[in-house]
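Student: next input, structure requested:
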Amino acid sequence: MAERRGGDEWHRSLRLLVLLVALSLMFREADGSSSEPFYKKLSGIIIPGFASTQLRAWSVLDCPFSPLDFNPLDSVWLDTTKLLSAVNCWLKCMVLDPYNQTDHPECKSRPDSGLSAITELDPGYITGPLSSVWKEWLRWCIEFGIDANAIIAVPYDWRLSASMLEERDLYFHKLKVTFETALKLRGGPSLVLAHSLGNNVFRHFLEWLKLEIAPKHYVQWLDEHIHAYFAVGAPLLGATESVKATLSGVTFGLPIAEGTARLMYNSFGSSLWLMPFSKHCKSDNIYWKQFFEGRGSRHHKPHCDDTEFRSNYSGWPTDIINIEVPSMRGMDAYPSVAEVAEDLASNMECGRPVQMSFSAREVSDGTFFKAIEDFDPDSKRLLHQLQKYYQGDPVLNPHTPWERPPLKNIFCIYGIDSKTEVGYYFAPSGKPYPDNWIITDIIYELEGTLLSRSGNTVNGNPSAVSGDETVPYHSLSWCKTWLGSKVNITRAPQAEHDGSDVHVRLNVDHHPGEDILANMTRAPRVKYITYFEDAESIPGRRTAVWELDKANHRNIVRLPVFMRELWLQMWHDIHPDAKSKFVTKERRGPLRDVDCYWDYGKARCAWPEHCEYRYVFGDVHLGQSCRLRNSSSDLLLHYL
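Tutor: Residues are numbered from 1 along each chain as shown. Okay, the predicted model is just below:
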């Protein structure tokens, strides 16, 4: 047994040595020298999404009636043990003042730093899988030999608006220094991986950077410091789920009441960052106004073109909000507990409720919050945040559509064809604030159709496909407008394949402002990934959109297919002998031991040219003993 174990270790060491030699020969510098592989110069900078950064206590808080107190550096988000034992104390460490975004007087929290802040928020055998975010991605990087200092996390306080991130934490100054340090340390540009809200943060950074760098050096700085930008699950036009969180609360799977979640969420300045908005409304060119008007507190309200008022639903599939409001006004609309005891429901019936509908534009410009101001106390606070931190942001009004940033390589990656919420029906619940609204119906999009939770008929303009369970397709697919007039489309299975089920269409016409669809045949029960690629419209710039069937918004960064495709594209990009602009999709063989499996029909390991049966002590099934051959590194050469 000891001899077999020693032999397995020798084979594993030999295989690793062969792989390292192959990689060292493969990844040469672009100038042809072999002194320093070019891939060793790249850095990966990760910008996490909403609620994906660990927050730690930065004060001492004595929690009565609980043996668990909060001490400096204790986990706040996410520590379910303290949440369950002392929810009131936990809330004090989480909520912010809705008007000035300061901490609670008794507790202060700050974002953690380093990779540990974004890998697993609440380690444990129960909560671990639920709170794991970038852990699998880092594991993949380690398995392929990426240096420890090549992956840099830039966590932030996701409770704050963009302007407060800079004002309180100098976040964008630190992010600029991070890019410059990575370039100086490793000698090459960085790859930016942003997920969900992280894309909004990165957008604000690019606009902020315009005001920090001389205009003629702006694009030069981007070319020197950023090789590629991977926008993963980007809510480029907002997400309807943020409306639900604002009016009724979203618990994120935590054991708290929805009303408690609503109180917490609406105290955050970031609560409005993901509000849906219209693609037809644009703001002033703030970049040039800074030179003539200074950075004053001038509000930058969007200006909508005629299309916004001629079309229905602001271009979205349906109205975002349909709400019933009682005819009475004043504080009685959100009563205290004592007032509820006086038969509030019968009082509401004295006046006939009014049904009102609001589009994405009316949500983002504050029309909706003004309409319910007499019926909900949060409306005044949210209007204050909207005017101060969004319309009054000196850098950017984020409720305006994003044009393609001047980066060399952009890859927009998201999931499609999942059941996604696109609209809500609200009504008074008869309960006191914060539970004074109840959702009476939900509108979903699913594979080109609109349907309701109640089964009622839904009128609207459904997209050809649906979103990723969290962000509607209308918002995710906005980056398709960054593609040029001629687009190459490829559809391939997500699983390893030999190329027989790959479909390609070249030079497909793409009209500005319109969606572009694959219109290719599909095999039943097969998950595909569809690539829309353009490297000709802008000289020296590439734009690609990857649509992954059934990829969930929160889990997409953990999907093996996402990590595999990103990895292959980067290998292709940094090789000096690459013949095409994008990595080939002709076939996908196994890249790791876990990609090999046992073919029971043929009684052997699948992909025999790349995988072999090699038992290692501790294997419990045949598939686990299928491992890559030592010569499997030759497969990488195929993707050039």
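Student: pLDDT at the spatially closest residue to E143 that is not a sequence neighbour, what is it?
Tutor: Of all residues not flanking E143 in the chain, R592 sits nearest, at 6.6 Å (CB to CB, 6 or more residues apart in numbering). The way it works is simple: take the backbone N, C-alpha and C, and place the C-beta from them, glycine included. What the model reports for R592 is a pLDDT of 83.
Student: so what's the residue count around R592?
Tutor: 16 (other CB atoms under 10 Å).
Student: host element of the residue nearest to E166 when sequence neighbours are not counted?
Tutor: Nearest residue to E166, sequence neighbours excluded (CB to CB, 6+ apart): F172, at 5.0 Å. Assignment of secondary structure by DSSP states H and E places F172 within helix 171-186.
Student: by contact count, what packs against that helix?
Tutor: Other elements packing on helix 171-186 under the criterion 3 or more CB pairs under 8 Å, 6 or more residues apart in numbering; DSSP states H and E are strand 43-47, helix 162-169, strand 190-195, helix 197-210, helix 215-225.
Student: wait, H227 sits on L42?
Tutor: Yes. With contact defined as CB atoms under 8 Å, H227 reaches L42; the gap is 6.5 Å.
Student: what do those two both touch?
Tutor: Here H227 and L42 share the contacting residues G188, P189, S190, L191, scored by CB atoms under 8 Å, 6 or more residues apart in numbering.
Student: and of those residues, the nearest to N71?
Tutor: Of all the shared contacts of H227 and L42, N71 sits closest to S190, with 35.7 Å by CB to CB.
Student: ok, and the closest non-adjacent residue to that closest one?
Tutor: Nearest to S190 is S43, by CB to CB, 6+ apart, at 4.4 Å.
Student: quick one, what contacts the one you found?
Tutor: A150, I151, I152, A182, L183, L185, R186, G188, P189, S190, L191.
Student: check the gap between Q387 and K282 for me.
Tutor: 18 Å (CB to CB, to the nearest Å).
Student: just send the helices and strands packed on helix 171-186 back as a markdown table, with distance to I142 and mean pLDDT too.
Tutor: Shown next, in a markdown table, are the helices and strands packed on helix 171-186 (distance: least, CB to CB, whole Å; pLDDT from 0 to 100):
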| stretch | distance to I142 | mean pLDDT |
| --- | --- | --- |
| strand 43-47 | 12 | 92 |
| helix 162-169 | 29 | 95 |
| strand 190-195 | 16 | 94 |
| helix 197-210 | 22 | 96 |
| helix 215-225 | 25 | 94 |
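Student: V561 is nearest to which of these?
Tutor: Once these are compared by CB to CB, strand 190-195 is nearest, at 15.6 Å.
Student: now that closest one against helix 171-186, angle please.
Tutor: Calculated by axes from the mean of the first three to the mean of the last three CA atoms, to 10 degrees, strand 190-195 forms an angle of 140 degrees with helix 171-186.
Student: what angle do strand 190-195 and helix 215-225 make?
Tutor: Using the same axes, to 10 degrees: strand 190-195 against helix 215-225 is 90 degrees.
Student: okay, buried residues for strand 190-195 please.
Tutor: Across strand 190-195, burial judged by 16 or more other CB atoms under 10 Å covers S190, L191, V192, L193, A194, H195.
Student: go on, stretch 133-153?
Tutor: Neighbour-count burial for stretch 133-153 [16+ other CB under 10 Å]: 133-138, 140-141, 146, 150-153.
Student: got a pLDDT number for the nearest residue to V95 once chain neighbours are set aside?
Tutor: Spatially, and ignoring its direct neighbours in sequence, V95 is nearest to S267 (4.4 Å; CB to CB, 6+ apart). For S267, the model assigns a pLDDT of 95.
Student: likewise F27?
Tutor: The model's pLDDT for F27 equals 39.
Student: what does V18 give?
Tutor: On the pLDDT scale, V18 gets 41.
Student: then R352?
Tutor: 73.
Student: burial count for it?
Tutor: By other CB under 10 Å, the burial measure for R352, its neighbour count, is 9.
Student: gap between it and V250?
Tutor: Counting by CB to CB - R352 and V250 are separated by 31 Å.
Student: I146 too?
Tutor: 35 Å.
Student: now the strands: where do they sit in the stretch 401-550 of the chain?
Tutor: Along the stretch 401-550 of the chain, the segments classed as strands by DSSP state E, counting those that start in this stretch run 409-416, 420-428, 437-446, 449-452, 486-493, 503-509, 528-534, 542-549.
Student: now N552, nearest residue through space, not along the chain?
Tutor: Nearest one to N552, counting by CB to CB, 6+ apart, is E469 at 5.5 Å.
Student: separation between the one you found and V243?
Tutor: Note on E469: its distance to V243, by CB to CB, is 16 Å.
Student: counting neighbours, what do you get for V620?
Tutor: Neighbourhood size, V620 [other CB under 10 Å]: 7.
Student: redo the strands of the stretch 401-550 of the chain as CSV? Include distance to R361, mean neighbour count and mean pLDDT.
Tutor: Shown next, in CSV, are these (distance: least, CB to CB, whole Å; neighbours: other CB atoms under 10 Å; pLDDT from 0 to 100):
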stretch, distance to R361, mean neighbour count, mean pLDDT
strand 409-416, 23, 25, 97
strand 420-428, 14, 23, 95
strand 437-446, 18, 20, 95
strand 449-452, 20, 16, 94
strand 486-493, 29, 20, 96
strand 503-509, 30, 13, 95
strand 528-534, 27, 23, 96
strand 542-549, 25, 22, 96
